[in-house]
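Asker: What shape does this take:
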Amino acid sequence: MPSLKHEKLCLAPVVGVDEAGRGPLAGPVVAAAVILPAKGVPRGIDDSKKLPAAERARLHDRLRGCAQIGIGIVEAGEIDTLNIYWATMKAMTLAVEALGCVPGHILVDGNRLPKWSHAATAIVSGDAISLSIAAASIVAKHTRDTIMLAHHEAHPQYGWITNKGYSAPEHLRALREHGPSPLHRRSFAPVAAFFREAESSPPHAIAGACG
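Answerer: Below you'll find the predicted structure:
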């Protein structure tokens, strides 16, 4: 289970940062920055990938009540402009800025850091090691899932209620049948392939593909 081992070596306040949504074909990339309280940290915090959705939702609500949280969101259009790496770095930067305080040290999941002036450490598999990063992973994942559930209402054909924008078979089939939505990342290969095919197809075929 994640612990406070790394946090205890750092100058306070220690901020855990993680992101959700680097891999999907649609929707934003979301980062969360979390400063855990000195006392009253919810039990059960773990890498968000290891937790069922209901438990993530419960812990998200508990963290909202006791921790200091910042959220950074970069939408699909900007992901296409920046590329997913730099969009992720921007989302992390926005999340830390949204805290409204100066971090003593930032712990980030992964092996790369944004260009911060703050003291920071990248930790590979940090969401399984650091309690602050694990908390951030829960907040980022729950926040992004909630966004995609809301988008599902307007675009039910893609199955985002279950796949959250990832390249599940049902999502890929819908992409072929209906074409991309405004929320799709045009720079990602399966979506880019649709536009290449559309550009090489006769006008009537493009109209049919776009519904």
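Asker: what about residue 180, helix or strand, and which?
Answerer: According to DSSP states H and E, residue 180 maps onto no helix or strand at all.
Asker: so who does it touch?
Answerer: The contact partners of residue 180, by CB atoms under 8 Å, 6 or more residues apart in numbering, come to 26, 186, 191, 194, 195. C-betas here are computed from N, CA, C, even on glycine.
Asker: which ones are touching the last one?
Answerer: Residues near residue 195 by CB under 8 Å, 6+ apart: 180, 186.
Asker: What's the separation between it and residue 75?
Answerer: Distance of residue 195 to residue 75, computed by CB to CB, to the nearest Å: 18 Å.
Asker: same question, the fourth one
Answerer: Per CB to CB, residue 194 is found 19 Å from residue 75.
Asker: What are the buried residues along the helix ranked longest in the chain?
Answerer: Assignment by DSSP state H gives helix 131-154 as the longest helix of the chain. Buried residues in helix 131-154, defined by neighbour count with 16 or more other CB atoms under 10 Å: 131-145, 147-148, 151-152.
Asker: With stretch 16-24 instead?
Answerer: Buried-residue list, stretch 16-24, by 16+ other CB under 10 Å: 16, 17, 18, 19, 20, 21, 24.
Asker: from those, which is closest to residue 34?
Answerer: Checking these against residue 34 with CB to CB, the nearest one is residue 16 at 4.9 Å.
Asker: wait, is that closest one part of a helix?
Answerer: No. Residue 16: not assigned to a helix; according to DSSP: H, G, I helix; E, B strand; the rest coil it is strand.
Asker: Mind listing the residues bridging to it?
Answerer: Taking DSSP bridges as the rule, residue 16 bridges to residue 34, residue 107.
Asker: Please verify my assumption that it contacts residue 136.
Answerer: Yes. Assessed by CB atoms under 8 Å, residue 16 is found in contact with residue 136 at 4.4 Å.
Asker: where along this structure do the strands fall?
Answerer: Secondary structure of the chain, counting by DSSP state E: strands at 14-20, 29-35, 68-74, 105-109, 120-123.
Asker: I'd like the average pLDDT over the first one.
Answerer: In this case it means strand 14-20. The average pLDDT within strand 14-20 is 98.
Asker: Grab the CA positions of that strand and hand them over as CSV.
Answerer: The C-alpha coordinates for strand 14-20 follow below in CSV (Å, rounded to 0.1, in the frame of the first residue of the first chain):
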residue,chain,number,x,y,z
VAL,A,14,4.0,18.3,0.1
VAL,A,15,1.9,18.0,-3.1
GLY,A,16,1.1,14.7,-4.8
VAL,A,17,0.4,15.0,-8.5
ASP,A,18,-1.0,12.5,-11.0
GLU,A,19,-3.0,12.5,-14.2
ALA,A,20,-5.7,10.5,-15.9
